[in-house]
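Trainee: The sequence and its predicted three-dimensional model are supplied below.
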Amino acid sequence: MSLIKSLLPNHLPIKTIHWLVLACCGVLAVCLYGFDGVLHARLNYDLNAIKDGAWWRLFSAHFLHTNLYHLLLNLAGLLLLWALHGEYYQYTNSLSLLFLCTLGTAVGLFGFSDLSHYVGLSGMLHGLFAWGVVQDIKRGYTTGWLLLAGLLIKLLQEQIYGGSVATASLIQANVAVDAHLYGALSGFLAAIVIPAHKQQKTKDTQVSEDT
């Protein structure tokens with residue numbers, strides 16, 4: 001274990017408080033992927049079923065995936081978020097973020113989109129990313145502004161031109177660009193009410209020189 005830690009960059013958030021909630025999220029997605037299609041049909045975002053009272057689908061749909069590639073892409077997204085912004089997380093704010101970003105994505109789809117079916121973590125991931133970018137900007141990191149610009153360009157491009165054809169082919173489903181949009185908006189709103197971990201991030205590499 002000590003050898004592994006020595007090989008990791010100093011800024012990676014390896015304390016349990018920084019990764020446990022995201023890890024549980026990933027484990028839940030992996031476990032649900034192992035169930036059959038019957039369970040999938042009862043838990044996915046189905047607009048008509050939600051209108052008939054199946055409100056749990058607003059939350060459960062985010063942890064389902066169309067195929068293995070879809071699952072692996074979202075797990076990679078969780079890993080990237082941990083590497084970028086994990087030091088901002090603590091148990092309480094991570095749980096609050098997951099709740100608000102999943103709920104905000106689903107409510108946005110339900111109220112403002114004609115999307116009838118949806119599964120996957122991508123909406124929540126965009127929300128977590130947006131929240132983390134705001135925390136970067138609050139701390140004066142130039143990279144925060146660059147990440148924000150990249151996120152806004154991506155969202156705008158998706159709304160105008162639609163999702164990636166290559167990604168749609170890989171996951172065997174249309175890319176839910178509206179979920180990305182409402183997830184990101186949820187993350188920006190969450191940044192107003194959910195504070196980051198008090199520990200200061202250390203993104204700038206410090207170089208010590210021999211004298």
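Mentor: Happy to help now that I have it.
Trainee: Find the residue at the geometric middle of the protein.
Mentor: For the chain, the residue whose C-alpha lies nearest the mean C-alpha position (CA atoms, centre = their mean) is Leu125; its distance is 1.3 Å.
Trainee: list the contacts for it?
Mentor: Asn74, Gly77, Leu78, Leu81, Gly183 (CB atoms under 8 Å, 6 or more residues apart in numbering). Where C-beta positions appear, they are placed from N, C-alpha and C, glycine not excepted.
Trainee: Point me to the helix or strand that includes it.
Mentor: Using DSSP states H and E, Leu125 maps to helix 122-138.
Trainee: Then Leu115?
Mentor: Secondary structure from DSSP H and E places Leu115 outside every helix and strand.
Trainee: to the chain's geometric centre, what's the distance from the helix holding Leu125?
Mentor: Helix 122-138 has its C-alpha centroid displaced from the chain centroid by 8 Å (CA atoms, centre = their mean, to the nearest Å).
Trainee: same question, stretch 40-56
Mentor: 21 Å.
Trainee: Pull out the buried residues from it.
Mentor: Counting neighbours by 16 or more other CB atoms under 10 Å, one finds that the buried residues in stretch 40-56 are His40, Leu43, Asn44, Tyr45, Asp46, Leu47, Ala49, Ile50, Ala54.
Trainee: ok, the last one to Ser94 distance?
Mentor: Pointing back at Ala54 there. With distances taken as CB to CB, to the nearest Å, Ala54 is found 27 Å from Ser94.
Trainee: now swap in the fifth one and tell me
Mentor: Using CB to CB, Asp46 is found at 28 Å from Ser94.
Trainee: what's the next secondary structure element after the helix holding Leu125?
Mentor: Beyond helix 122-138 in the direction of the C-terminus, DSSP H and E gives the next helix or strand as helix 142-161.
Trainee: Go through the helix or strand just after that next one and flag the buried ones.
Mentor: Along the chain past helix 142-161, the next helix or strand (assigned with DSSP H and E) turns out to be helix 165-171. Across helix 165-171, burial judged by 16+ other CB under 10 Å covers Leu170, Ile171.
Trainee: Off-centre distance for helix 165-171?
Mentor: On CA atoms, centre = their mean, the centre of helix 165-171 falls 19 Å from the chain's centre.
Trainee: same check, this time on stretch 66-86
Mentor: Going by CA atoms, centre = their mean, the spacing between the C-alpha centre of stretch 66-86 and its chain's C-alpha centre is 8 Å.
Trainee: In PDB, list the C-alpha atoms belonging to it.
Mentor: Once non-C-alpha atoms are left out, stretch 66-86 reads as follows in PDB (Å, rounded to 0.1, in the frame of the first residue of the first chain):
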ATOM      1  CA  THR A  66     -27.700   0.300 -21.700                       C
ATOM      2  CA  ASN A  67     -24.600  -1.900 -22.100                       C
ATOM      3  CA  LEU A  68     -21.100  -2.500 -20.700                       C
ATOM      4  CA  TYR A  69     -19.500   0.300 -22.700                       C
ATOM      5  CA  HIS A  70     -22.000   2.800 -21.200                       C
ATOM      6  CA  LEU A  71     -21.300   1.600 -17.700                       C
ATOM      7  CA  LEU A  72     -17.500   1.800 -18.200                       C
ATOM      8  CA  LEU A  73     -17.700   5.300 -19.700                       C
ATOM      9  CA  ASN A  74     -19.600   6.500 -16.600                       C
ATOM     10  CA  LEU A  75     -17.300   4.800 -14.200                       C
ATOM     11  CA  ALA A  76     -14.400   6.500 -16.000                       C
ATOM     12  CA  GLY A  77     -16.300   9.800 -15.500                       C
ATOM     13  CA  LEU A  78     -16.600   9.100 -11.700                       C
ATOM     14  CA  LEU A  79     -12.800   8.400 -11.600                       C
ATOM     15  CA  LEU A  80     -12.000  11.600 -13.400                       C
ATOM     16  CA  LEU A  81     -14.200  13.700 -11.100                       C
ATOM     17  CA  TRP A  82     -12.500  12.100  -8.100                       C
ATOM     18  CA  ALA A  83      -9.100  13.000  -9.500                       C
ATOM     19  CA  LEU A  84     -10.200  16.600 -10.400                       C
ATOM     20  CA  HIS A  85     -12.300  17.600  -7.400                       C
ATOM     21  CA  GLY A  86     -12.200  14.800  -4.900                       C
END
